[in-house]
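**Q** based on what follows, work out the 3D shape:
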Amino acid sequence: MSRQCFLDTELGAHTVGDSLRLNEAETRHATVKRLEVGEEIDVVDGAGTRYTCSVDSAGAALDLRVVAVTHEESPRIRTRLVQALAKGDRDLQAVETCVEIGVHAITPWQADRSIVRWKADRATKAHAKWRSQVAAAVKQSRRSFSPHVDDLVTTKQLAVQATSVTNAGGLVLVLHEDATTPISAAVGQWLRTHSGGQGGSTEADTGPGPSEVLLSEVLLIVGPEGGIAPSEVSALQAAGAVPVLVGQHVLRASTAGAVGLVLIRSLLGDYD
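**A** Next comes the predicted model:
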């Protein structure tokens, strides 16, 4: 069974043998977990460092001793989920699942057809709820990297970001039921193009592994329950985005991003 994981972004640097104290929030979480002296846990800083610690004392205060330190390299190809706001917390469900799958950043999107609206009086609270969901998913999945939650964007702002990503050599994908290009074909073509054309001859072939591709980013854009408006699709295509399909069925806002992300990460070789 894997060790329990705690997230503390204020840790600072530590080495083997150091004493370590969690922040107040994580100490409360650890108290609820009823850790025992001698038990080993993981403490991650959200930036790629994992401290394996032994519990020296447990109670109102928790004293830990570092027994191992590991550093995970940042991926050469980052994946970012652009998730439209959706009713019934389907957007939060998508965020939770995609964090567990391994997404590297998340952008909330106020799409034209989003029923949910982040008004000025609730935007801060809603954004904090997304960050809290990310933190919980990081600990659940034992990740050492914590995805950043960007500020809410409008369609116009998203188009500007898409242009920036494509101009830098990245890939922007829009999940859309009327698309004709499979996601595997779009990602495979992009990998072949950005690795000097050394890929194979089939559409599904991804070419070289991620280590042979320049540092870049893949944006995966998922619309709300009412779908992405035609004007939004046009604006994103003009910014260089590619509409893609993930299968023959129409997926909910809560599941589309997760399915797309699994396919992307598999094509990038992250699961090899």
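**Q** where exactly do the helices run in the stretch 51-200 of the chain?
**A** Using DSSP state H, counting those that start in this stretch, the helices found in the stretch 51-200 of the chain span residues 90-101, 120-141, 155-167, 183-193.
**Q** which parts of the stretch 1-150 of the chain are strands?
**A** For the stretch 1-150 of the chain, the strands defined by DSSP state E, counting those that start in this stretch occupy 5-7, 19-20, 40-44, 49-57, 63-71, 77-84, 105-109, 148-149.
**Q** any low-confidence regions in this protein?
**A** Scanning the chain with the threshold set as pLDDT under 70 gives 1, 59-60, 195-214.
**Q** any idea which residue sits dead centre in it?
**A** The residue lying closest to the centre of the chain (CA atoms, centre = their mean) is residue 103, at 2.3 Å.
**Q** ok, now which ones touch that residue?
**A** When contacts are counted by CB atoms under 8 Å, 6 or more residues apart in numbering, residue 103 touches 79-81, 147, 261. (Glycine included, C-beta is placed from N, CA and C.)
**Q** single out the most deeply packed of the helices of the stretch 51-200 of the chain.
**A** Greatest average neighbour count among these goes to helix 90-101 (a mean of 22), per mean count of other CB atoms under 10 Å.
**Q** follow-up on the earlier one: out of the helices of the stretch 51-200 of the chain, which comes closest to residue 25?
**A** With CB to CB as the criterion, residue 25 lies closest to helix 120-141 of those, at 9.2 Å.
**Q** against which helices or strands is the closest one packed?
**A** strand 5-7, helix 90-101, strand 105-109, strand 148-149 (3 or more CB pairs under 8 Å, 6 or more residues apart in numbering; DSSP states H and E).
**Q** ok, 6 Å please
**A** strand 5-7, helix 90-101, strand 148-149 (3 or more CB pairs under 6 Å, 6 or more residues apart in numbering; DSSP states H and E).
**Q** and the longest one, how far from the chain's centre?
**A** Going back to what we said before, that points to helix 90-101. In terms of CA atoms, centre = their mean, to the nearest Å, the gap separating the centre of helix 90-101 from the centre of its chain is 8 Å.
**Q** alright, calling it a day.
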